[in-house]
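Novice: Generate coordinates for the sequence data below:
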Amino acid sequence: MQKNKNCTLIYHYESSTTPSFTTIQQQLQSNDIDLKIIGMKELLKLTLNGETIPKTIPMIVIQYISPTKDHELKKLFLLFLEVVEKKGPDNKLKNEMILVFNYIRSDLNHPNEFIRGKVLNFLCRIKEHEMLEPLVESVLENLTHPVPYTRKNAVLAVSSIYKVENNFIPDAPLLLLKFLKNETDPSCQRNAFIMLYEIAPEKAFHYLFSVLDRIETFDESIQLIAIEIINKIYLKKPSARSKYLKCITSLLQSSSTSVKFESAKTLSMLSNSSTAIKASAQTFCTVLRLETDNNVRLIVLKQLEKLRLAYPALVSDVLLDLFQVFSNSSLDIKKQILNISEDLVSLKNVDQVVLFLKKEFGSIFDKKNDDGNRLDYVRLLINFVHQLTFKFTQIAPQIIEMLIDLIAKIPNDEKNNPIDEASLIIRDIIQAQEDIREKALLRLFEIFPQIQSSFTIRTIIWIFGEFCQTEPSIKKAFSFIENSLNELKQVAFKTQEEEKEKETEKETNNTNQENIKENTIQTKKQDSNIITKSSNTKILDDGSYAVIVESSNQPSKTTLSALKAQDIPLSNLTKLMIQDDSLLATVIAVSLSKLSLRYSLLPSQKNPNSFIVDSILLLISLLKISQSEKVIPVLDKDAEERIIMCIKILGQPDESIKKNFLKESPNKISDSLSSEKLNSQKNQQLHNLFQEKNQPKESNPDDIVLFPQLTKFKSHSNLVADDTEEDLKKIIDFSDENSNSEEVDFFSSLNQNRSQKILQLTGLSDPIYVEAILDLNQYNISLIFYVKNQTKNTLQNLTLELLALGGLKLIEKPPVCVLGSFAEKQILVNLKVSSSEKGIIFGNITYDISGTSTTQKTMVILNEIKISPLEYLIPSYISLFNFRRMWSDFEWENKLVISTHFSDIETYINSVAQKTNMKCLAPVSKEDQVSGFVSKNFYAKTIFGEDVVANVSLEQSLDNKISALIRIRTRSQGLALALGDLLNNPNLDN
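Specialist: Numbering: from 1, shown residues only. Reported below is the predicted structural model:
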């Protein structure tokens with residue numbers, strides 16, 4: 001078999017006009033240096049691209065180019081010698097190459113150090129013994145050259161020659177060791193140290209041992225090489241482990257951040273003692289603080305994450321040092337730090353973490369230079385605070401005070417305002433902590449007039465209706481709502497008076513009938529109850545866009561501006577009511593009802609029904625104002641029904657109904673929050689377990705292999721911490737506790753046997769049998785094709801041709817190969833995945849049959865390979881608020897109406913979750929089974945970071961058959977359509 005040629009230089013040459021070798025020969029023979037340079041470059045390009053060079057060209061190059069004194073030409077000449085074929089068909093050195101020796105030898109003794117260095121560097125890439133042997137003496141002389149540039153290249157040349165043939169310089173290791181001891185230049189020392197380790201590791205070890213005590217005085221490059229060598233030998237020579245630790249510990253104080261990082265990383269590998277781990281973590285934090293490059297910081301944080309997973313209790317001591325990096329970090333760095341910090345917060349440092357969060361919340365809106373990510377950063381901090389409240393209930397008073405101040409401070413006109421999430425956290429804390437409710441309600445009363453966000457004001461009004469228990473708090477909350485509705489009455493009254501005045505003016509000005517008609521038309525245009533048209537862009541079932549124009553009776557858009565012009569003071573709550581918010585009207589009605597009923601149940605009230613009467617009147621007024629269409633838009637039917645229901649409950653004489661109305665809501669919200677907390681904790685545990693199980697293990701081929709069954713006496717316990725049994729026990733215990741968990745089933749399926757993904761691409765009777773193993777990585781798909789020749793003939797020029805569609809791109813073409821009689825071969829093909837769409841790979845195999853005269857190729861068509869988007873989906877959990885935000889943001893929707901053969905609701909929900917790799921955010925309860933109508937939300941995340949949300953609404957008919965309305969929303973069309981096709985598949989019933 002012919003040996004592959006050595007390739008050290010690659011250049012891709014594409015040109016529409018390729019110069020002829022005659023033209024190149026004329027350029028090389030020219031007296032003009034510039035023409036010679038152009039000719040040499042063209043010759044190099046053609047040579048590198050496999051063009052056959054005439055036999056006369058190398059001789060012309062040697063004759064006209066090698067004697068030149070121009071540095072650029074000399075460099076091009078050396079590159080040509082590097083790539084040109086130096087041996088003939090008899091595997092002997094060509095005659096013209098012998099002439100090169102004299103020129104190279106003269107350049108090795110050239111007075112210019114640049115020429116010497118380039119020639120020495122050139123010799124590092126020469127593998128022909130006949131060319132190297134005559135030049136050994138000249139190379140060794142350059143080890144004592146006064147210029148460091150020449151010496152460091154001479155070291156590389158000596159090592160390279162020794163690797164090609166050690167008999168040429170048998171004492172090379174001793175020469176390098178002597179050179180290393182006497183050398184003072186850092187770059188020369190580094191090269192000598194690396195080369196000595198490559199050709200004589202034992203001598204490099206001895207030299208390292210001799211300088212370990214003073215390694216901190218060496219240059220940064222030498223220190224990095226020393227750390228790398230210690231990484232490789234600490235298991236081989238455990239007797240010097242204490243010396244290694246002392247050396248690495250001293251390097252932690254180095255002024256170089258690279259040395260600090262590598263020494264901290266090595267220290268955590270050498271020892272698992274608390275002192276070593278704390279020192280490593282502290283050093284990582286120091287590097288984070290000193291480095292400003294975001295890429296470097298992400299690498300350091302990745303190492304810190306590994307330490308956190310292995311030693312969370314020890315790494316928690318550096319949490320506050322980690323927070324010091326926040327001031328000058330990007331949003332990605334801050335997000336990574338907060339993710340690491342979640343598990344590092346403990347009872348020891350939680351108070352200091354709260355102080356840090358207060359400082360961040362207080363200073364973030366005082367910055368003059370906003371980078372555009374301010375609100376995103378606030379949202380990150382809010383989510384971090386939410387996780388803290390789950391773990392440490394004792395900090396709830398500080399957290400709720402912090403969030404209330406944040407709501408008052410954030411500008412309410414910001415888009416995607418994070419105060420909505422803050423209001424939900426406040427709701428959760430007040431629900432869970434009864435002892436801080438009164439204090440929290442007082443603070444909410446203070447900031448309530450400043451709030452302009454509809455979602456936030458609805459949440460706070462709901463809090464008032466649910467948690468105001470004392471007489472002062474009930475009266476205060478009731479007054480806020482009552483004043484707002486009274487303002488609506490005043491606006492409605494003034495609007496009615498203005499209309500009457502306009503009608504009077506019309507009647508007095510009836511002298512001219514035409515003028516009356518014109519005035520009437522103008523008056524109608526200015527009237528507040530004109531018919532307005534609004535157009536909205538909707539997404540149809542096929543994914544296309546359509547503009548839907550709706551006509552409805554609404555107040556004029558200038559209502560608020562007109563009221564401002566008349567100097568009519570309105571509260572924020574009243575303004576939101578005018579701006580068409582049916583949900584707000586519903587929340588107001590429910591909260592008023594609860595406040596009134598709770599007030600009537602207070603034992604000290606002389607007139608307990610006074611608030612009930614006022615509430616009924618206010619709600620009736622709200623309905624009348626809405627139906628008049630003068631001030632606020634018409635409420636939707638759901639809002640009207642809810643308000644009417646509240647009026648009926650308030651007028652209901654049965655006390656049991658009133659008490660149930662007050663008790664039902666707290667129980668439901670408590671169950672919902674408990675379920676959300678449980679799901680969040682379970683999802684975090686699964687995430688940590690998945691990270692630990694898939695944590696890449698850095699190991700060397702010469703590492704010690706420890707078998708748990710054979711380590712009875714723990715003979716290697718001082719070298720490697722044997723945590724195998726403990727890790728297995730953790731995984732087994734977790735699996736036992738969650739044996740019915742869908743997430744555990746999913747993660748275990750990720751490690752299933754690869755044989756389950758084998759795809760048969762040809763038939764057993766075909767001349768070539770082909771199978772493929774599909775291996776999905778993060779952004780790549782690896783296909784291992786198993787090809788077997790089932791004939792007695794030798795198949796030549798066997799070519800695998802593939803065509804990838806649907807977000808897949810072939811990285812490189814499979815190589816052409818030869819298959820002998822009944823021979824087998826494996827061909828690896830990598831594809832890049834650019835999107836989560838459905839992918840299809842078509843292919844065929846062509847080949848020639850050896851010994852036949854025909855030139856026609858034989859072709860075997862392969863079965864298509866389909867890659868489902870489900871391969872990219874990972875079921876995950878998100879909060880209800882984030883689900884709603886994604887639902888409103890995502891533009892692509894696929895709506896399906898499905899009639900199924902299922903008769904059990906829970907079975908169908910589980911089937912949808914299993915088939916789509918999505919997680920149901922709330923389990924099916926007993927009430928869902930009885931009600932006959934269920935609506936559940938699903939969520940999944942792709943490996944590319946894309947989110948997928950879905951809503952499944954089920955209705956069970958009288959014959960127990962289930963019909964479903966499924967809505968899937970994503971950012972990309974392909975993923976939504978692929979999931980819809982899967983759910984429409986009738987095989988889902990099976």
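
Novice: who does the helix or strand that contains residue 47 touch, helix- and strand-wise?
Specialist: Assigned by DSSP states H and E, residue 47 falls within helix 33-48. Using 3 or more CB pairs under 8 Å, 6 or more residues apart in numbering; DSSP states H and E, the elements in contact with helix 33-48 are helix 21-29, helix 56-64, helix 71-83. All C-beta atoms are positioned from the backbone trio N, CA, C, and that covers glycine.

Novice: which of the residues in the longest one are buried?
Specialist: Meaning helix 71-83. 73-83 (16 or more other CB atoms under 10 Å).

Novice: Which parts of the stretch 101-250 of the chain are helices?
Specialist: 113-123, 129-132, 136-141, 148-164, 172-182, 186-199, 201-211, 220-233, 241-251 (DSSP state H, counting those that start in this stretch).

Novice: Output the ones you listed in JSON lines, with distance to residue 461 appended to each entry.
Specialist: Shown next, in JSON lines, are the helices of the stretch 101-250 of the chain (distance: least, CB to CB, whole Å):
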{"stretch": "helix 113-123", "distance to residue 461": "77"}
{"stretch": "helix 129-132", "distance to residue 461": "87"}
{"stretch": "helix 136-141", "distance to residue 461": "87"}
{"stretch": "helix 148-164", "distance to residue 461": "76"}
{"stretch": "helix 172-182", "distance to residue 461": "78"}
{"stretch": "helix 186-199", "distance to residue 461": "70"}
{"stretch": "helix 201-211", "distance to residue 461": "72"}
{"stretch": "helix 220-233", "distance to residue 461": "62"}
{"stretch": "helix 241-251", "distance to residue 461": "60"}
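
Novice: Looking at those helices, which is nearest to residue 910?
Specialist: When the helices of the stretch 101-250 of the chain are compared by CB to CB, helix 220-233 sits nearest residue 910, at 48.8 Å.

Novice: Only the buried residues of the closest one, if you could.
Specialist: Buried residues in helix 220-233, counted by 16+ other CB under 10 Å: 221-227, 229-231, 233.

Novice: Run through who's touching that helix.
Specialist: 186-187, 189-190, 193-194, 197, 201, 204-205, 208, 211-212, 215-216, 218, 244, 247-248, 251, 254, 256, 258-259, 262-263, 266, 269-270, 700, 702 (CB atoms under 8 Å, 6 or more residues apart in numbering).

Novice: same question, stretch 891-900
Specialist: Contacts for stretch 891-900 (CB under 8 Å, 6+ apart): 539, 541, 543, 908, 961-973, 976-977, 979-980, 983-984, 988-989.

Novice: redo that, cut-off 6 Å
Specialist: 539, 541, 962-970, 973, 976-977, 980, 983 (CB atoms under 6 Å, 6 or more residues apart in numbering).

Novice: Return that stretch as PDB; C-alpha atoms alone will do.
Specialist: Provided in PDB are the C-alpha atoms of stretch 891-900 (Å, rounded to 0.1, in the frame of the first residue of the first chain):
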ATOM      1  CA  GLU A 891     -45.800  34.300  15.700                       C
ATOM      2  CA  TRP A 892     -46.200  30.900  14.200                       C
ATOM      3  CA  GLU A 893     -49.300  28.900  15.200                       C
ATOM      4  CA  ASN A 894     -50.500  25.500  14.100                       C
ATOM      5  CA  LYS A 895     -54.100  24.800  15.100                       C
ATOM      6  CA  LEU A 896     -55.400  21.200  15.000                       C
ATOM      7  CA  VAL A 897     -58.900  19.800  15.700                       C
ATOM      8  CA  ILE A 898     -58.600  16.100  16.400                       C
ATOM      9  CA  SER A 899     -61.200  13.400  17.200                       C
ATOM     10  CA  THR A 900     -59.600  10.500  19.100                       C
END
